[in-house]
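Visitor: 3D, please:
(2 chains)
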Amino acid sequence: QKEVEQNSGPLSVPEGAIASLNCTYSDRGSQSFFWYRQYSGKSPELIMFIYSNGDKEDGRFTAQLNKASQYVSLLIRDSQPSDSATYLCAVRDTGNQFYFGTGTSLTVIP
Amino acid sequence: NAGVTQTPKFQVLKTGQSMTLQCAQDMNHNSMYWYRQDPGMGLRLIYYSASEGTTDKGEVPNGYNVSRLNKREFSLRLESAAPSQTSVYFCASSERWGATYGYTFGSGTRLTVV
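Guide: Residues are numbered from 1 along each chain as shown, chains lettered A, B, ... in the order given. This is a model prediction of the structure:
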(Lines give C-alpha, C1' and ligand atoms only; values in the text may rest on other atoms or scores of the structure.)
Protein backbone atom coordinates (compact mmCIF):
# COMPACT_ATOMS: atom_id res chain seq x y z
CA GLN A 1 0.00 0.00 0.00
CA LYS A 2 1.51 3.26 -1.10
CA GLU A 3 1.42 5.89 1.59
CA VAL A 4 1.38 9.63 1.83
CA GLU A 5 1.98 10.85 5.36
CA GLN A 6 1.14 14.24 6.81
CA ASN A 7 1.13 15.52 10.36
CA SER A 8 -2.56 16.02 11.09
CA GLY A 9 -1.87 19.02 13.32
CA PRO A 10 -3.46 21.27 14.22
CA LEU A 11 -0.70 23.68 13.31
CA SER A 12 -1.14 27.17 14.69
CA VAL A 13 0.86 30.19 13.55
CA PRO A 14 0.43 33.91 14.23
CA GLU A 15 -0.66 36.20 11.44
CA GLY A 16 2.31 37.29 9.33
CA ALA A 17 4.45 34.27 10.20
CA ILE A 18 5.62 31.47 7.91
CA ALA A 19 3.60 28.27 8.02
CA SER A 20 5.47 25.10 7.09
CA LEU A 21 3.54 22.01 6.05
CA ASN A 22 5.26 18.70 5.44
CA CYS A 23 4.53 15.51 3.55
CA THR A 24 6.43 12.27 3.05
CA TYR A 25 5.64 9.54 0.55
CA SER A 26 6.58 5.88 0.28
CA ASP A 27 6.78 5.29 -3.49
CA ARG A 28 10.24 6.35 -4.64
CA GLY A 29 9.04 6.30 -8.25
CA SER A 30 6.41 8.99 -7.68
CA GLN A 31 6.47 11.63 -10.36
CA SER A 32 4.32 14.59 -9.42
CA PHE A 33 3.32 16.26 -6.22
CA PHE A 34 0.34 18.46 -5.46
CA TRP A 35 -0.89 20.65 -2.65
CA TYR A 36 -4.62 21.24 -2.16
CA ARG A 37 -6.35 23.57 0.27
CA GLN A 38 -9.68 22.51 1.74
CA TYR A 39 -11.81 24.86 3.80
CA SER A 40 -14.18 23.25 6.28
CA GLY A 41 -17.21 21.84 4.48
CA LYS A 42 -15.81 22.68 1.05
CA SER A 43 -14.06 20.78 -1.72
CA PRO A 44 -10.28 20.60 -2.22
CA GLU A 45 -8.79 23.40 -4.31
CA LEU A 46 -5.45 23.02 -6.09
CA ILE A 47 -2.78 25.43 -4.85
CA MET A 48 0.41 24.19 -6.48
CA PHE A 49 2.10 21.27 -8.13
CA ILE A 50 5.78 20.44 -8.43
CA TYR A 51 7.64 17.87 -10.49
CA SER A 52 11.34 18.64 -10.09
CA ASN A 53 13.65 18.74 -7.10
CA GLY A 54 14.00 22.18 -5.58
CA ASP A 55 11.67 25.06 -4.92
CA LYS A 56 8.71 26.42 -6.85
CA GLU A 57 7.23 29.74 -5.85
CA ASP A 58 3.77 31.17 -6.55
CA GLY A 59 2.97 34.34 -4.69
CA ARG A 60 3.07 33.65 -0.95
CA PHE A 61 3.32 29.90 -1.52
CA THR A 62 6.49 27.89 -2.05
CA ALA A 63 6.54 24.16 -2.70
CA GLN A 64 9.77 22.29 -1.98
CA LEU A 65 10.60 18.82 -3.27
CA ASN A 66 13.39 16.47 -2.26
CA LYS A 67 12.99 13.18 -4.09
CA ALA A 68 16.02 11.59 -2.44
CA SER A 69 14.41 12.07 0.96
CA GLN A 70 10.90 11.44 -0.42
CA TYR A 71 9.76 14.68 1.10
CA VAL A 72 7.64 17.55 -0.14
CA SER A 73 6.69 20.68 1.78
CA LEU A 74 4.57 23.79 1.41
CA LEU A 75 5.62 27.12 2.88
CA ILE A 76 3.09 29.91 3.29
CA ARG A 77 4.72 33.29 3.85
CA ASP A 78 2.95 36.20 5.55
CA SER A 79 0.21 33.87 6.74
CA GLN A 80 -3.29 35.33 6.84
CA PRO A 81 -6.39 34.22 8.78
CA SER A 82 -7.90 33.33 5.39
CA ASP A 83 -5.19 30.67 5.03
CA SER A 84 -6.78 28.72 7.90
CA ALA A 85 -7.80 25.44 6.29
CA THR A 86 -6.75 21.83 5.90
CA TYR A 87 -3.91 21.28 3.43
CA LEU A 88 -3.82 18.01 1.51
CA CYS A 89 -0.71 16.58 -0.07
CA ALA A 90 -1.22 14.37 -3.14
CA VAL A 91 1.27 12.23 -5.00
CA ARG A 92 1.03 10.79 -8.51
CA ASP A 93 2.89 7.54 -8.99
CA THR A 94 4.42 5.95 -12.07
CA GLY A 95 1.06 4.36 -12.90
CA ASN A 96 -0.66 7.75 -12.88
CA GLN A 97 -2.51 6.84 -9.70
CA PHE A 98 -3.06 9.58 -7.15
CA TYR A 99 -2.64 9.09 -3.41
CA PHE A 100 -3.77 11.69 -0.92
CA GLY A 101 -2.56 12.32 2.59
CA THR A 102 -5.07 12.85 5.37
CA GLY A 103 -4.26 16.55 5.57
CA THR A 104 -2.79 19.04 8.01
CA SER A 105 -5.10 21.50 9.73
CA LEU A 106 -3.68 25.03 9.81
CA THR A 107 -4.97 27.85 11.98
CA VAL A 108 -3.62 31.39 11.53
CA ILE A 109 -4.18 33.42 14.67
CA PRO A 110 -4.91 37.14 14.17
CA ASN B 1 -18.91 29.40 -13.94
CA ALA B 2 -16.99 26.57 -15.54
CA GLY B 3 -16.30 23.62 -13.33
CA VAL B 4 -17.62 20.38 -11.90
CA THR B 5 -21.24 20.23 -10.76
CA GLN B 6 -22.50 17.58 -8.37
CA THR B 7 -26.03 16.81 -7.29
CA PRO B 8 -27.46 16.43 -4.73
CA LYS B 9 -25.46 18.33 -2.11
CA PHE B 10 -27.01 16.48 0.81
CA GLN B 11 -28.85 13.16 1.08
CA VAL B 12 -30.12 10.91 3.85
CA LEU B 13 -30.83 7.30 2.94
CA LYS B 14 -32.17 4.36 4.84
CA THR B 15 -30.17 1.16 4.82
CA GLY B 16 -30.94 -0.80 1.67
CA GLN B 17 -32.16 2.14 -0.38
CA SER B 18 -30.53 3.02 -3.66
CA MET B 19 -29.51 6.33 -5.17
CA THR B 20 -27.44 7.87 -7.92
CA LEU B 21 -25.03 10.75 -7.48
CA GLN B 22 -24.73 12.92 -10.57
CA CYS B 23 -21.65 14.72 -11.80
CA ALA B 24 -21.11 16.92 -14.85
CA GLN B 25 -18.12 18.96 -16.01
CA ASP B 26 -18.01 21.65 -18.67
CA MET B 27 -14.25 21.94 -19.07
CA ASN B 28 -13.99 19.40 -21.91
CA HIS B 29 -11.96 17.12 -19.63
CA ASN B 30 -11.37 13.55 -20.70
CA SER B 31 -10.99 11.92 -17.29
CA MET B 32 -13.41 11.84 -14.38
CA TYR B 33 -13.22 10.36 -10.89
CA TRP B 34 -15.31 9.59 -7.84
CA TYR B 35 -13.73 9.89 -4.40
CA ARG B 36 -15.01 9.49 -0.88
CA GLN B 37 -13.61 11.40 2.06
CA ASP B 38 -13.85 10.11 5.60
CA PRO B 39 -12.33 11.56 8.78
CA GLY B 40 -8.81 10.25 9.30
CA MET B 41 -8.87 8.32 6.02
CA GLY B 42 -8.23 11.01 3.47
CA LEU B 43 -9.58 10.92 -0.05
CA ARG B 44 -10.00 7.43 -1.47
CA LEU B 45 -10.70 6.65 -5.10
CA ILE B 46 -13.89 4.67 -5.75
CA TYR B 47 -14.02 4.53 -9.55
CA TYR B 48 -12.57 6.47 -12.42
CA SER B 49 -13.11 6.96 -16.13
CA ALA B 50 -9.87 7.66 -17.96
CA SER B 51 -11.77 8.55 -21.12
CA GLU B 52 -15.29 8.45 -22.49
CA GLY B 53 -16.46 4.86 -22.79
CA THR B 54 -14.13 3.42 -20.13
CA THR B 55 -14.48 2.90 -16.39
CA ASP B 56 -12.20 1.22 -13.86
CA LYS B 57 -12.19 0.35 -10.20
CA GLY B 58 -10.23 2.38 -7.73
CA GLU B 59 -9.21 1.62 -4.17
CA VAL B 60 -12.68 1.14 -2.62
CA PRO B 61 -15.18 0.08 -5.33
CA ASN B 62 -17.29 -2.42 -3.36
CA GLY B 63 -20.94 -1.41 -3.10
CA TYR B 64 -20.76 1.10 -5.95
CA ASN B 65 -21.30 1.21 -9.69
CA VAL B 66 -20.58 3.96 -12.19
CA SER B 67 -21.67 5.09 -15.62
CA ARG B 68 -19.82 7.42 -17.97
CA LEU B 69 -22.88 8.68 -19.77
CA ASN B 70 -20.96 10.91 -22.17
CA LYS B 71 -17.83 13.04 -22.06
CA ARG B 72 -19.43 15.50 -19.62
CA GLU B 73 -21.26 13.22 -17.20
CA PHE B 74 -20.13 10.52 -14.76
CA SER B 75 -22.60 9.08 -12.27
CA LEU B 76 -22.09 6.98 -9.13
CA ARG B 77 -24.76 4.53 -8.00
CA LEU B 78 -25.28 2.93 -4.62
CA GLU B 79 -27.50 -0.10 -5.21
CA SER B 80 -28.16 -1.00 -1.57
CA ALA B 81 -26.86 1.64 0.80
CA ALA B 82 -25.10 0.63 4.01
CA PRO B 83 -24.14 2.76 7.04
CA SER B 84 -20.47 2.25 6.08
CA GLN B 85 -21.16 4.33 2.99
CA THR B 86 -21.90 7.41 5.07
CA SER B 87 -19.31 9.83 3.75
CA VAL B 88 -18.64 12.93 1.70
CA TYR B 89 -18.42 12.10 -2.00
CA PHE B 90 -16.45 14.20 -4.44
CA CYS B 91 -16.47 14.04 -8.18
CA ALA B 92 -13.35 15.33 -9.94
CA SER B 93 -12.10 15.75 -13.47
CA SER B 94 -8.80 16.27 -15.26
CA GLU B 95 -7.73 17.08 -18.80
CA ARG B 96 -6.50 13.57 -19.31
CA TRP B 97 -5.59 10.43 -17.39
CA GLY B 98 -2.64 11.20 -15.20
CA ALA B 99 -3.91 14.66 -14.31
CA THR B 100 -0.71 16.47 -15.17
CA TYR B 101 -2.13 19.66 -13.70
CA GLY B 102 -4.13 18.02 -10.93
CA TYR B 103 -7.83 17.59 -10.46
CA THR B 104 -10.77 19.99 -10.37
CA PHE B 105 -13.22 18.90 -7.70
CA GLY B 106 -16.96 19.33 -7.46
CA SER B 107 -18.55 20.78 -4.33
CA GLY B 108 -19.32 17.38 -2.84
CA THR B 109 -22.31 15.33 -1.69
CA ARG B 110 -22.78 14.68 2.01
CA LEU B 111 -24.45 11.30 2.31
CA THR B 112 -25.80 9.83 5.53
CA VAL B 113 -27.07 6.25 5.62
CA VAL B 114 -29.19 5.42 8.67
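
Visitor: Spell out which residues of chain B are next to chain A.
Guide: Residues of chain B found near chain A (CB under 8 Å from any CB of the partner chain) are B:40-45, B:90, B:97-108. Every residue, glycine included, has its C-beta placed from N, CA and C.

Visitor: Weed out the non-buried ones from those.
Guide: Buried by 16 or more other CB atoms under 10 Å in any protein chain shown: B:42-45, B:90, B:97-99, B:102-106, B:108, out of the residues of chain B next to chain A.

Visitor: quick one, strands of chain B?
Guide: Using DSSP state E, the strands of chain B run over B:4-7, B:10-13, B:19-25, B:31-38, B:42-49, B:56-57, B:64-68, B:74-78, B:87-94, B:104-105, B:109-113.

Visitor: scratch that, chain A is what I was asking about
Guide: Residue ranges of the strands in chain A, as given by DSSP E, are A:4-6, A:11-14, A:19-25, A:32-38, A:45-50, A:54-58, A:61-66, A:71-76, A:85-92, A:98-100, A:104-109.

Visitor: So which of those strands is nearest residue B:25?
Guide: Judged by CB to CB, the one of these that comes nearest to residue B:25 is strand A:45-50, at 14.7 Å.

Visitor: Tell me the buried residues in that closest one?
Guide: Buried residues in strand A:45-50, defined by neighbour count with 16+ other CB under 10 Å: A:46, A:47, A:48, A:49, A:50.

Visitor: Quick one: check stretch A:75-93 for contact with chain B.
Guide: Yes - using CB under 8 Å from any CB, stretch A:75-93 comes into contact with chain B via A:88, A:90, A:92.

Visitor: Could you list the low-pLDDT ranges of the chain?
Guide: Answering for chain A, as no chain was given. Chain A contains residues with pLDDT under 70 at A:1.

Visitor: let's do chain B instead
Guide: B:1.

Visitor: change it to 90
Guide: Applying pLDDT under 90 to chain B flags residues B:1-2, B:39-42, B:96-102.

Visitor: Identify the bridge partners of the residue most central in space within it.
Guide: Central residue of chain B (CA atoms, centre = their mean): residue B:34, 2.7 Å from the mean position. Residues in a beta bridge with residue B:34, per DSSP bridges, are residue B:47, residue B:91.

Visitor: ok, now which ones touch it?
Guide: Applying CB atoms under 8 Å, 6 or more residues apart in numbering or on different chains, we find residue B:34 in contact with B:21, B:23, B:45-48, B:58, B:64, B:66, B:74, B:76, B:89-92.

Visitor: One more: residue B:18?
Guide: Residues in contact with residue B:18 (CB under 8 Å, 6+ apart) are B:77, B:78, B:79, B:80, B:81.

Visitor: and those residues, which are buried?
Guide: Buried among the contacts of residue B:18 (16+ other CB under 10 Å): B:78, B:81.

Visitor: From the contacts of residue B:18, pick the one nearest chain A.
Guide: Of all the contacts of residue B:18, residue B:78 has the smallest distance to chain A: 19.9 Å, by CB to the nearest CB.

Visitor: now the residue lying closest to that closest one once chain neighbours are set aside: how far from chain A?
Guide: Spatial nearest neighbour of residue B:78, excluding adjacent residues (CB to CB, 6 or more residues apart in numbering or on different chains): residue B:19 at 5.5 Å. Per CB to the nearest CB, to the nearest Å, residue B:19 is found 20 Å from chain A.

Visitor: burial measure for residue B:19, as a count.
Guide: Neighbourhood size, residue B:19 [other CB atoms under 10 Å in any protein chain shown]: 15.
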